[in-house]
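In: I would like the atomic coordinates for the input below:
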Amino acid sequence: MDSEAQIGLIGGSMAHQNMKTPDQKLWRSRAKDTVDLYIEAIYAEVRNRDIAMESRHILATYSDHGTLPRGSGFSGFCNLGAKVDRMAHIGGTQDHHNAVEWLMQLPSDQRDALVYDRALRGRNRIVAVDPFRPDSPVTKLWTDDACAADLECSVDSLRRRISDGYAELERIMGFKRQEAA
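Out: Numbering: from 1, shown residues only. The predicted structure is shown next:
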């Protein structure tokens with residue numbers, strides 16, 4: 001057999017090894033959905049924290065002025081009900097809680113790489129807004145290079161972290177890989 005035929009066989013077998021079965025594709029899709037739920041849960045937590053910090057608290061007033069505020073009998077309309085209602089809708093489902101639990105089991109470098117992969121990579125980021133043309137911001141694409149630089153690693157390391165992170169997440173979620181023969 002000539003060397004070109006051998007290379008073709010080697011390349012063909014490598015490509016065959018990299019082909020995913022329908023079951024593997026399903027688990028990878030589930031893993032990506034889980035990362036998306038994790039990202040939603042993070043955003044919900046931040047929104048809840050922001051809502052909770054909207055009002056001034058009595059202790060904050062005391063620390064600012066050294067005295068407790070005196071009651072006037074009327075302090076305007078109470079917004080507490082609206083805040084509680086907004087926070088209740090941000091709660092999250094059991095799937096969100098599972099996603100957080102599973103991703104927290106990953107090493108932080110893999111977890112961060114998966115979040116960058118799903119939330120940023122391939123999307124535009126706004127880097128500048130011209131005040132005279134606010135509808136046309138200057139954007140840059142979150143490329144592999146930009147993501148790797150932000151995570152302070154090489155592009156190869158980023159890709160490896162993403163690949164290893166998905167494989168580990170699938171394992172945590174219950175996917176059993178068949179060992180190579």
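In: on contacts alone, who are the packing partners of the helix or strand harbouring residue 140?
Out: Taking DSSP states H and E as the criterion, residue 140 maps to strand 133-141. Secondary-structure packing of strand 133-141 (3 or more CB pairs under 8 Å, 6 or more residues apart in numbering; DSSP states H and E): strand 124-130. For glycine as for every other residue, the C-beta is placed from the backbone atoms N, C-alpha and C.
In: Next, the residues that contact the strand holding residue 140 from outside, please.
Out: Strand 133-141 is touched from outside by 122, 123, 124, 125, 126, 127, 128, 129, 130, 146, with contacts defined as CB atoms under 8 Å, 6 or more residues apart in numbering.
In: what's the longest helix in this protein?
Out: helix 22-52 (DSSP state H).
In: who does that one touch, helix- and strand-wise?
Out: helix 80-88, helix 94-103, helix 108-119, helix 155-173.
In: Quick check: the gap between residue 106 and residue 168.
Out: Look at residue 106 and residue 168: by CB to CB, to the nearest Å, they are 6 Å apart.
In: For the contacts of strand 133-141, which two are the farthest from each other?
Out: 122 and 130 (24.8 Å; CB to CB).
In: pLDDT score assigned to the closest residue to residue 173 other than its chain neighbours?
Out: Nearest residue to residue 173 in three dimensions, chain neighbours excluded: residue 102, at 6.1 Å (CB to CB, 6 or more residues apart in numbering). With respect to pLDDT, residue 102 has a value of 96.
In: tell me the contacts of residue 102?
Out: Contacts of residue 102 by CB under 8 Å, 6+ apart are 34, 38, 169, 172, 173.
In: now do residue 165
Out: Contact partners of residue 165, counting by CB under 8 Å, 6+ apart, are 106, 110, 111, 113, 114.
In: Now it. Nearest residue, chain neighbours left out?
Out: Residue 165 sits nearest to residue 110 (CB to CB, 6+ apart), 3.4 Å away.
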